[in-house]
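>>> Following is a predicted model, sequence given first.
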Amino acid sequence: MENILEFIYSFRQEIFIIILAVFLGMEVISNVPSVLHTPLMSGANAISGVIIIGGIILLGHADMSKISAPLILGIIAIFFATLNVAGGFVVTDRMLEMFKKRKKSSN
Amino acid sequence: MLNNSPDIGIIILDFSYLVAAILFVIGLKLLSKPESARTGNLWAAAGMLLAMATTLLLHRDVHGNGIPVQNILVILLVIAAGTVAGWIMARKIRMTAMPQMVSFFNATGGAASGLVALMEYGNPDNSSMLVTLLGMTIGNIAFSGSIIAYGKLDGKVKDWFSPVMKYINLLMLLLTLALIIILMLSENRGSSANVLVYLLFAVALVYGVLFVMPIGGADMPVVISLLNSLTGIAAAMAGFIYNNQAMILGGILVGAAGTILTVLMCRAMNRSLLNVIIGAFGAGAAAAGEKTTGTIREISQGDAGILLNYSQQVVIIPGYGLAAAQAQHVCSELDKLLTDRGVEVKYAIHPVAGRMPGHMNVLLAEAHVPYEKLVEMDHINPDMPNVDVAVVIGANDVVNPAALNDPSAPIYGMPIIHAHEAKNIIVIKRGMGKGYAAIENELFFHEKTRMLFGNAKDVLQKLVAEIKSME
């Protein structure tokens, strides 16, 4: 029990951030028209690639002088995360570009 | 922790994370409105770029060491390779394959979280074991689950359902939780020598596969948004490891957004999330829906053409069949042709039509259908009785009146598009196969309904030719 309390205490700021972020997320996304469901999902998907920061920190402090697990897995993690980020934002942009073009042609 | 006077670099780094987080929030906010969505996406991307750049240049480990130049070079090289690969994939992919692409990118994000957390598990400086294990587990589930979802959407993986799956999945979930607890309580926790952590890594991967395996068809939108949400949560957990606000906030925002979409999708099917995950749809369906019988009436292309040509109001109700046949362009052609002849054409979009949230919208957008013409279910239903012809293209369960009037039907209570209230109904369908819910659709036997059997693309092409030949 004491451990749990200690845990909560040591993360009090982060827990604070999480709770606020959940409300913020709900507030920001609610009432999204269905026309934007896919782009929103895909854009959010790209944001979840923020794990790339973790990958950069991991590989950034890995020992480059020898081949080690953090080195190899760090490279793979950053590659995957970059796919997620770059691919996600580009594909979202491509979808939204279509929406835009369409709007112009109909005006 | 070192007790240095605050380093200017660290202050800038922390501040840049705050700015990145704000850009994520603004980006998502703008993404939720059609006029500003594209700008929103760019803002979020800018936030990501900023956080990446400042981390690379300014990050220090707990000992105060920055990232060495050679590491920076390697990282830039990997990022360059990933960017080029991601860019090409995102540019080359066909619009009809969009659900697969989104699933694939989601998988890569999950995998990255799983790997980062696994490596941090063995890091002696890491004091946040629980979030590390959770991040690894959730990331891996999101990864393998998304890969299966990708395979299903791409037609490479078949739905596989058996009543035993329910129990196996429950068992796997318990095993996963048990492993996390054992690891938390174990003496040498945080040591990469602890083999249990690799077992957990593997079990999470297997669980992801088993969890998505039985779910398919019309439930795909729910699963995809759920997996999306999991990837966000995994990234947030990893953010805890580094005490990184940009990661925590970004991840949680995605988690919340994904959860909202998931709930929306569930509501659109009048089912609980648990029900979707357990997959009771397929199981309970066999019993019901045997009583619908009647005569199927077909219509010739010519008669269908005449009917459409002399209508005032036509509503097209697209479903997955439209995407599967890649008939969106010819559908748009039909729409333009009829509009030129003075017919008012609209599209009725069901929230779960297709295989991902908003699938039909993206598909029709690609075919340059103005989005003002796409009407959400709740807005079009009151107008349905005034509609001369409702054209159902490759949709089934979302127009099944059993959802309204047959309490024994598995889809009873699911909101549907009231196609049956239109004056005439034309159903374009490959054959008399049943929908995902595996029940008969009494709409097809309705006296106002005429069937046009065939591949949606072929049928629509002939229909367009037929109408063109009329003056």
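Done, it's in.

>>> Low-confidence ranges, chain A, go.
Along chain A, segments meeting pLDDT under 70 span A:1, A:100-107.

>>> Show me where it has its helices.
Under the criterion DSSP state H, chain A contains helices at A:2-10, A:12-29, A:37-47, A:51-60, A:69-82, A:88-106.

>>> Now for A:A62: which residues touch it?
Contacts here follow Cβ atoms under 8 Å, 6 or more residues apart in numbering or on different chains; on that basis A:A62 touches A:68, A:70-71, A:74, B:71. Just so you know, the C-beta spots here come from the backbone N, C-alpha and C atoms, and that holds for glycine as well.

>>> And for B:V389?
B:V389 makes contact with B:307-308, B:311, B:313-315, B:422-426, according to Cβ under 8 Å, 6+ apart.

>>> Mind listing the residues bridging to it?
Beta-bridge pairing for B:V389 (DSSP bridges): B:V314, B:N424.

>>> and the residue in the stretch 51-200 of chain B that chain A sits nearest to, what element?
Relative to chain A, the nearest point of the stretch 51-200 of chain B is B:G82 (2.6 Å; Cβ to the nearest Cβ). Using DSSP states H and E, B:G82 sits in helix B:69-92.

>>> Averaged pLDDT, that helix. What do you get?
Confidence for helix B:69-92, expressed as mean pLDDT, is 95.

>>> Could you list the buried residues of that helix?
Under the neighbour-count criterion of 16 or more other Cβ atoms under 10 Å in any protein chain shown, helix B:69-92 has B:71-72, B:74-75, B:78-79, B:82-83, B:85-87, B:89-90 buried.

>>> what does that helix contact?
Residues from elsewhere that reach helix B:69-92, judged by Cβ under 8 Å, 6+ apart: A:52, A:56, A:59-62, A:64, A:75, A:78-88, A:90-91, A:94, B:52, B:56-57, B:67, B:101, B:104-105.

>>> Buried among those? Make that a PyMOL selection.
Remark: buried members of the contacts of helix B:69-92, expressed as a PyMOL selection using 16+ other Cβ under 10 Å:
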select buried, (chain A and resi 52+56+59+60+61+62+75+78+79+80+81+82+83+84+85+86+87+88+90+91+94) or (chain B and resi 52+56+67+101+104+105)
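
>>> How about B:V197: what's its closest non-neighbour residue?
B:Y121 (5.5 Å; Cβ to Cβ, 6 or more residues apart in numbering or on different chains).

>>> Quick check: pLDDT value at the one you found.
Looking at B:Y121, its pLDDT is 89.

>>> Can you tell me how far it is from B:M136?
Counting by Cβ to Cβ, to the nearest Å, the gap from B:Y121 to B:M136 is 7 Å.

>>> any residues in contact with both of these two?
Contact criterion Cβ under 8 Å, 6+ apart; residues shared by B:Y121 and B:M136: B:V197.

>>> Between these two, which has more neighbouring residues?
More crowded of B:Y121 and B:M136, by other Cβ atoms under 10 Å in any protein chain shown: B:M136, with 27 against 24.

>>> Confirm B:G354 sits in a helix?
No - according to DSSP: H, G, I helix; E, B strand; the rest coil, B:G354 belongs to no helix; its state is coil.

>>> Near it, how many other residues are there?
30.

>>> Now do the same contact list for it.
By Cβ under 8 Å, 6+ apart, the residues touching B:G354 are B:99, B:221, B:318-320, B:323, B:360, B:363.

>>> tally of neighbours for B:L115?
31.

>>> Repeat that for A:E6.
10.

>>> And the helices in the stretch 301-450 of chain B, which stretches?
In the stretch 301-450 of chain B, the helices defined using DSSP state H, counting those that start in this stretch lie at B:301-309, B:320-324, B:328-340, B:359-366, B:377-380, B:402-405.

>>> Point out the most buried one among these.
Greatest average neighbour count among the helices of the stretch 301-450 of chain B goes to helix B:359-366 (a mean of 27), per mean count of other Cβ atoms under 10 Å in any protein chain shown.

>>> Could you measure from the residue most central in space within chain A over to B:H329?
Ranked by distance to the mean C-alpha position of chain A (Cα atoms, centre = their mean), the top residue is A:S48 at 1.5 Å. Applying Cβ to Cβ, the value for A:S48 to B:H329 is 32 Å.

>>> show me what contacts B:Q312?
By Cβ under 8 Å, 6+ apart, the neighbours of B:Q312 are B:343-344, B:388.

>>> Got the phi and psi for it?
In terms of degrees, to the nearest 10, the main-chain angles of B:Q312 are phi -100, psi -40.

>>> Could you report the separation of it from B:V389?
From B:Q312 across to B:V389, the span is 10 Å (Cβ to Cβ).

>>> same thing with A:Q13?
Remark: distance between A:Q13 and B:V389 (Cβ to Cβ) = 60 Å.

>>> where does the stretch 151-300 of chain B have low pLDDT?
B:161, B:189-190, B:192-193, B:278-293.

>>> switch to 90 and redo it
B:152-170, B:183-196, B:211, B:213-222, B:240-245, B:257, B:259-261, B:263-300 (pLDDT under 90).

>>> The residue of it found nearest chain A: which element?
Residue nearest to chain A within the stretch 151-300 of chain B (Cβ to the nearest Cβ): B:A256, separated by 2.6 Å. For B:A256, the host element (DSSP H and E) is helix B:245-269.

>>> any idea how far that helix is from the chain center?
Remark: helix B:245-269 is offset 12 Å from the chain centroid, using Cα atoms, centre = their mean, to the nearest Å.

>>> That helix to helix A:37-47, inter-axis angle?
150 degrees (axes from the mean of the first three to the mean of the last three Cα atoms, to 10 degrees).

>>> Would you mark the buried spots in helix B:245-269?
Buried, per 16+ other Cβ under 10 Å, within helix B:245-269: B:245-262, B:264-266, B:268-269.

>>> now stretch B:368-385
Using 16+ other Cβ under 10 Å as the test for burial, stretch B:368-385 gives B:368-371, B:373-377, B:380-381, B:383-384.

>>> Restricted to strands, list those residues.
Members of the buried residues of stretch B:368-385 lying in strands (criterion: DSSP state E): B:374-376.
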